[in-house]
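K.L.:
with the sequence up front, the predicted model follows.
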Amino acid sequence: MQFRQQALAKLQSPEELDLPVRLARPQGWLVLGVTVVVMAAASVWAVTGSVASTVAAQAVLTHGQGSYLLQSPVAGQVTAVLAEQGERLPAGAPVLKVRTGQGDTVVRTVAAGRITALAATIGQIVQTGANVASVEKIAHASDPLYATVYVPAENAAAIPAHAPVDLTVSSVPAQRYGVLRGHVKSVDRAAQSPQSIAAFLGDSQLGEQFTRKGRPVAVLVSLDKSASAKSGYRWSSAEGPPYRLDSMTLASGSIKLADQRPVDWLLP
């Protein structure tokens with residue numbers, strides 16, 4: 001009851017009716033102004049800006065034509081190994097000699113290249129179609145290296161032509177020498193099977209490794225060259241490693257995807 005009487009008395013008192021009413025403090029106006037500016041900037045960025053994204057995937061350094069698995073055309077016992085690992089041979093060069101019931105058969109290279117692995121030894125019994133060697137297709141020692149990055153198939157459409165690529169090479173300490181620079185040369189839109197990867201790389205284990213999470217898409221990356229670097233290619237560091245790179249070296253690649261407008265993913 002007492003509070004009601006005080007309220008009625010206050011309403012009947014006219015002495016405060018002419019006092020100005022403060023709608024907001026200066027600090028409130030400042031906060032409101034900052035909020036309006038931020039919202040306007042965000043709206044402009046959502047319409048005119050872009051978002052850069054990348055996709056990371058496993059990669060391997062190769063020469064452009066890849067490799068192939070050399071298979072024995074006959075069944076028998078290996079009596080001689082006529083080539084050495086790392087040796088560069090022309091097409092039709094002898095690699096192995098296999099003794100059969102009908103006599104000796106020489107297993108020869110199908111195309112010119114470098115022997116990257118020998119899977120047969122003297123005395124070994126091989127069956128028809130057995131993999132006896134892996135041969136990288138390379139005609140000249142000066143042939144450039146490329147990187148093949150096996151990216152998830154769902155990212156293939158977002159990879160633009162000549163997109164920049166950073167490669168972390170397994171045999172090069174990244175903290176000391178940085179990453180290898182390159183650009184997308186081509187994108188194979190067809191998903192790769194373990195068999196197709198093994199046929200290109202000449203390694204069935206890599207075919208299985210690169211398809212564990214599904215069939216990827218092969219992206220061929222041209223490595224940026226550098227005359228001053230000892231490796232012959234450009235790195236994020238000043239000179240890169242003080243040695244040349246070997247083919248069939250594993251790496252991980254980071255490819256910059258096409259820029260996306262923020263309004264495309266902000267709106268439902």
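P.N.:
That came through fine.
K.L.:
ok, Pro152 - contacts?
P.N.:
Val55, Ala57, Lys213, Gly214, Pro216, Val217 (Cβ atoms under 8 Å, 6 or more residues apart in numbering). In short, each C-beta sits where N, CA and C put it, glycine included.
K.L.:
mind doing that once more with 7 Å?
P.N.:
The neighbours of Pro152, taking Cβ atoms under 7 Å, 6 or more residues apart in numbering as the test, are Ala57, Gly214, Pro216.
K.L.:
filter the residues you listed to the buried ones?
P.N.:
Neighbour-count burial within the contacts of Pro152 applies to Ala57, Pro216; the criterion is 16 or more other Cβ atoms under 10 Å.
K.L.:
among the contacts of Pro152, which are located in helices?
P.N.:
Among these, DSSP state H puts none in helices.
K.L.:
from the contacts of Pro152, which is closest to Asn155?
P.N.:
Asn155 lies nearest to Ala57 out of those, by Cβ to Cβ, at 8.2 Å.
K.L.:
for the closest one, which non-adjacent residue is closest in space?
P.N.:
Val151 (4.3 Å; Cβ to Cβ, 6 or more residues apart in numbering).
K.L.:
Gln102 - how many residues pack around it?
P.N.:
Counted with other Cβ atoms under 10 Å, residues neighbouring Gln102 total 8.
K.L.:
let's see the pLDDT reported for it.
P.N.:
Listed pLDDT for Gln102 reads 91.
K.L.:
could you check which helix or strand contains the residue nearest to His183 when sequence neighbours are not counted?
P.N.:
Spatial nearest neighbour of His183, excluding adjacent residues (Cβ to Cβ, 6+ apart): His162 at 5.0 Å. Assigned by DSSP states H and E, His162 falls within no helix or strand.
K.L.:
re the thing from before, just the CA trace of the helix or strand hosting the residue nearest to Ala57, in CSV.
P.N.:
Assigned by DSSP H and E, Val151 falls within strand 145-152. Extracted as CSV, the C-alpha positions of strand 145-152 are listed here (Å, rounded to 0.1, in the frame of the first residue of the first chain):
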residue,chain,number,x,y,z
LEU,A,145,60.2,-35.2,-63.6
TYR,A,146,56.5,-34.7,-62.9
ALA,A,147,54.3,-35.4,-59.9
THR,A,148,51.1,-37.4,-60.1
VAL,A,149,48.7,-36.5,-57.3
TYR,A,150,45.9,-38.9,-56.6
VAL,A,151,43.0,-36.7,-55.3
PRO,A,152,39.5,-37.8,-54.3
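K.L.:
so Leu206, which state does it fall into?
P.N.:
Of the three states, Leu206 takes helix under DSSP: H, G, I helix; E, B strand; the rest coil.
K.L.:
ok, now the one 5 residues further on?
P.N.:
Under three-state DSSP, the three-state class of Thr211 is coil.
K.L.:
is it correct that Val135 is in contact with Tyr68?
P.N.:
Yes. With contact defined as Cβ atoms under 7 Å, Val135 reaches Tyr68; the gap is 5.7 Å.
K.L.:
who has more neighbours out of these two?
P.N.:
Val135 (25 against 20).
K.L.:
assign that one to helix, strand or coil.
P.N.:
Criterion first, three-state DSSP; result for Val135: strand.
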